[in-house]
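Novice: Here is my input; please provide its structure:
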Amino acid sequence: MHATHLHNRFAKKEVRRVRFGVTRGQAILFLITFSLFFYLLTELVFASVAEGSAGKENEAVVASAPSLIVQEVTVREGDSLWKLSVRYQEEANMDVQRLVEEIKVINELEDVVIYPGQTLLIPIPQS
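Specialist: Numbering: from 1, shown residues only. Sure thing, here's the model as predicted:
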């Protein structure tokens, strides 16, 4: 008879410790949620600040409108703000980058994407 292991039924059993508190997975989930919440909060705050400042920029353009002649242009296939600015640079008497920014402000564009058929206003200062 082989007895490789004898079990003593009177021996103290190993006590398993119960872990109370936060597990690693719960901590990671909390940090991700916390970060996402503050990211969205800051986006909301900065979006409302940006909308307020955009309105002031447009008011400044309207205030300077008497000194500007505005030319209406219909966007054609293949046009971009840069190409339009190069085309009207001499009439506007500004460098191309500044004219792109002026066109964006006057037309209330958030970025440089324009579409064929779209009507844009090009600022031309009075001589």
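Novice: And the helices in the chain?
Specialist: Under the criterion DSSP state H, the chain contains helices at 24-63, 81-87, 89-92, 96-106.
Novice: And the last one, what does it pack against?
Specialist: Contacting helix 96-106 under the criterion 3 or more C-beta pairs under 8 Å, 6 or more residues apart in numbering; DSSP states H and E are the following elements: helix 24-63, helix 81-87, helix 89-92, strand 119-125. Yep, even glycine has a C-beta here, placed from its N, CA and C like the rest.
Novice: if you set the cut-off to 10 Å instead, what comes out?
Specialist: Contact analysis of helix 96-106 by 3 or more C-beta pairs under 10 Å, 6 or more residues apart in numbering; DSSP states H and E lists helix 24-63, strand 68-74, helix 81-87, helix 89-92, strand 119-125 as its packing neighbours.
Novice: Next, the buried residues of it.
Specialist: By neighbour count on 16 or more other C-beta atoms under 10 Å, the buried set for helix 96-106 is 96, 99-100, 102-104, 106.
Novice: ditto for stretch 110-120
Specialist: Residues of stretch 110-120 classed as buried by neighbour count (16+ other C-beta under 10 Å): 114, 120.
Novice: who touches it?
Specialist: Outside stretch 110-120, the residues within contact range by C-beta atoms under 10 Å, 6 or more residues apart in numbering are 50, 54, 70-84, 100, 103-104, 106-107, 109.
Novice: Need the distance between the two termini of that stretch.
Specialist: 14 Å (C-alpha to C-alpha, to the nearest Å).
Novice: could you give the mean pLDDT of that stretch?
Specialist: Average pLDDT, stretch 110-120: 89.
Novice: Same question for stretch 92-106.
Specialist: 89.
Novice: Restricting to C-alpha, output it in PDB.
Specialist: C-alpha atoms of stretch 92-106 as PDB (Å, rounded to 0.1, in the frame of the first residue of the first chain):
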ATOM      1  CA  ALA A  92      -8.600  92.500 -52.000                       C
ATOM      2  CA  ASN A  93      -5.000  93.900 -51.700                       C
ATOM      3  CA  MET A  94      -4.100  91.300 -49.000                       C
ATOM      4  CA  ASP A  95      -1.900  88.300 -48.700                       C
ATOM      5  CA  VAL A  96      -3.500  85.000 -49.500                       C
ATOM      6  CA  GLN A  97      -3.500  83.600 -45.900                       C
ATOM      7  CA  ARG A  98      -5.100  86.700 -44.500                       C
ATOM      8  CA  LEU A  99      -7.700  86.700 -47.200                       C
ATOM      9  CA  VAL A 100      -8.500  83.000 -46.400                       C
ATOM     10  CA  GLU A 101      -9.100  84.000 -42.800                       C
ATOM     11  CA  GLU A 102     -11.200  87.000 -43.800                       C
ATOM     12  CA  ILE A 103     -13.400  84.800 -46.000                       C
ATOM     13  CA  LYS A 104     -13.800  82.300 -43.200                       C
ATOM     14  CA  VAL A 105     -14.900  85.000 -40.800                       C
ATOM     15  CA  ILE A 106     -17.300  86.900 -43.100                       C
END
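Novice: Thanks a lot, see you next time.
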